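1. 3D model of this:
(one chain, ligands or ions: 1)
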Amino acid sequence: MFYIKPDFYDSFKCIADKCTDSCCIGWEIDVDEVAFDKYQKLQSPLGDEIRSCITESEDGSSCFKLSENERCPFLNENNLCDIIIKCGESFLCDICSEHPRFYEWFPGVTECGLGLCCEEVCRILLENEEPFSLIEESDGEEIVLEAKEDVAESDAYIFLSAFREKLFEILFNKEIDFEEKLVKVLSKTEEFCGERIKIRDYKSSLELYKKTEPIDEQWTNYINDLSEKHNSILKFEKEFNEKTKGDMLYSKILAYVLYRHFTKAVFDKSIKERICFAVESVRFIRLCDMKAYSEKGKLTLKDRIENLKNWSKQIEYSEENTELLIYGE
Ligand code: SF4
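-> The predicted structure is shown next:
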C-alpha cells in the first residue's frame, strides 16, 4: 500500500491551549468502539465521569454529551484535555487523536492530509511562500487488485493524480502571476476534458454560498455582508494585489484544495466540476482577504488564517455544502 502526504504532514503539532478556536468546542465528538471499551474498563473517578458523559447520537452511535457553549466535557478551564492529562493520549477517541488529519482511500493508495479547519494547519501552509510537495511512502505490503471495478478506479487514480501534478507545476511556477495561473489551469482542464468550462462569477458564486447550511449566525451575516459589498470590495483588487503579494499563497491554497478534492473524481468523473470548485473556492477566500484589506487597509497573516479556516469549516467540513458547491443545485 502506498501513502501520499504533503511534505509538512509530519511536522504538525496541535497547539492545544494556544489555539484561539479549539476543535473541542462546537463539534459532536464520536466515541468509537475501541475507546468505548477502554472507558468501560477504566476504574477511576475519571472513568466514572467519562461513562456518565457518553450518550447516543442521532444515528445511534456513541458520543460525548457536550457541556455549556458546546464544549467537550473534558476540556478544562485552561482549554486542555483532562483525558490526556490524567490518562495519556492513548485514551483519546479516534476522532480526537486523528483530528485534523484526513484520509482518502483509493485502490492501493491512501492520500493523507491535514484539514484547513485547524488554524495551525493554515499557519503552516501560509507562513511561507515556498510551494509544498507530495511525498510517497510504502508500507511494503503488495496490493493485488482483482475486482474489475478496483482496477478501473486504480487506472483512473493514476491518470488523475498525474494530471493534478501538471496543475501543480503551473501553480508553483514563480514566473507567472496568480490570474495567469488560473487561466492556464482552466485551459489545461478544457484540453483534458475536451470541453469548454466556465467558472461562476462572484455574484452567482456568492448566491450559492448563501444557500449553504451555515455553521452559525455569524457566517450568515458575513456572507450577506460580503455579497452586498463585493462590487465595492473588488475596487480594491489592484491595490490589494500590489500591496499584499499573495500570489504564491493563493497558488498553494488552490493546490491544497485540489489535493484534497480533485482525485475523488475517480469515483464520479466530476473532473471539471472539482476543478471549478477549487478555483471558485480560492477566489472566494481571496475575496474574503480583500474584504479584510478594504476595511483595515492591511492584511495580516492572522486575517488570512481566519478566512481560510472559516471557509474550510463552513464548506469542507459539511458534505452537503461541499456537494452544493461542486455540483450546483
Ligand atoms: S484546531 Fe488544530 S491547533 Fe486548535 S486545538 Fe484543534 S487540532 Fe489543535
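2. and the next element down the chain from the longest helix belonging to the chain?
-> Ranked by residue count under DSSP state H, the longest helix found in the chain is helix 271-296. Per DSSP states H and E, the first helix or strand lying C-terminal to helix 271-296 is helix 301-311.
3. which strands and helices lie in contact with the next helix or strand after that next one?
-> With elements assigned by DSSP H and E, the helix or strand that comes after helix 301-311 is helix 319-327. Judged by 3 or more CB pairs under 8 Å, 6 or more residues apart in numbering; DSSP states H and E, helix 319-327 is in contact with helix 202-210, helix 271-296. To be clear about C-beta, it is placed using only N, CA and C from the backbone, and glycine gets the same treatment.
4. what does helix 319-327 rub up against?
-> 208-209, 211-213, 261, 270, 273-274, 277, 280-281, 314-316 (CB atoms under 8 Å, 6 or more residues apart in numbering).
5. make JSON lines out of the helices and strands packed on helix 319-327 and add mean neighbour count, distance to the ligand and mean pLDDT.
-> Below are the helices and strands packed on helix 319-327 laid out as JSON lines (neighbours: other CB atoms under 10 Å; distance: least, CB to the nearest ligand atom, whole Å; pLDDT from 0 to 100):
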{"stretch": "helix 202-210", "mean neighbour count": "15", "distance to the ligand": "23", "mean pLDDT": "96"}
{"stretch": "helix 271-296", "mean neighbour count": "21", "distance to the ligand": "18", "mean pLDDT": "97"}
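6. from the contacts of helix 319-327, which is closest to Ala162?
-> Arg274 (15.5 Å; CB to CB).
7. hang on, isn't the closest one packed against Arg260?
-> No. Under the criterion of CB atoms under 8 Å, Arg274 is not in contact with Arg260, lying 10.0 Å apart.
8. what's near enough to touch Ser270?
-> Applying CB under 8 Å, 6+ apart, we find Ser270 in contact with 264, 326-327.
9. Glu141 in helix, strand or coil?
-> Put simply, Glu141 is coil when judged by DSSP: H, G, I helix; E, B strand; the rest coil.
10. distance of it relative to Thr110?
-> Note on Glu141: its distance to Thr110, by CB to CB, to the nearest Å, is 11 Å.
11. neighbour count winner among these two?
-> Between Glu141 and Thr110, counting by other CB atoms under 10 Å, Thr110 is the more crowded of the two (15 against 8).
12. in its sheet, what does the helix or strand containing the more buried one sit against?
-> Secondary structure assignment for Thr110, by DSSP H and E: strand 109-114. The strands beside strand 109-114 in its sheet (DSSP bridges) come out as strand 2-6 (parallel), strand 101-106 (antiparallel).
13. of all these, which lies closest to the ligand?
-> Closest approach to the ligand among those (CB to the nearest ligand atom): strand 101-106, 9.4 Å.
14. may I have that closest one exported as PDB, CA atoms only?
-> In PDB, the C-alpha atoms belonging to strand 101-106 read as follows (Å, rounded to 0.1, in the frame of the first residue of the first chain):
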ATOM      1  CA  ARG A 101      -5.900  14.600   9.700                       C
ATOM      2  CA  PHE A 102      -7.900  13.400   6.800                       C
ATOM      3  CA  TYR A 103      -7.600  10.300   4.600                       C
ATOM      4  CA  GLU A 104      -8.900   9.500   1.100                       C
ATOM      5  CA  TRP A 105      -8.800   5.800   0.100                       C
ATOM      6  CA  PHE A 106      -8.200   4.700  -3.500                       C
END
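15. start at 10 instead
-> Taking 10 as the first residue, the last one we looked at is strand 110-115.
16. which ones are touching the residue in the stretch 210-338 of the chain positioned nearest to the ligand?
-> Nearest to the ligand in the stretch 210-338 of the chain, going by CB to the nearest ligand atom, is Lys318, at a distance of 8.3 Å. The contact partners of Lys318, taken as CB under 8 Å, 6+ apart, are 30, 125-128, 131.
17. hmm, try it at 10 Å
-> 29-30, 124-132 (CB atoms under 10 Å, 6 or more residues apart in numbering).
18. state the pLDDT value of it.
-> Note on Lys318: pLDDT of 97.
19. I figured Ile232 hits Lys238, correct?
-> No. Contact criterion CB atoms under 10 Å: Ile232 and Lys238 do not qualify, at 11.1 Å.
20. more neighbours: these two, which one.
-> Ile232 (20 against 14).
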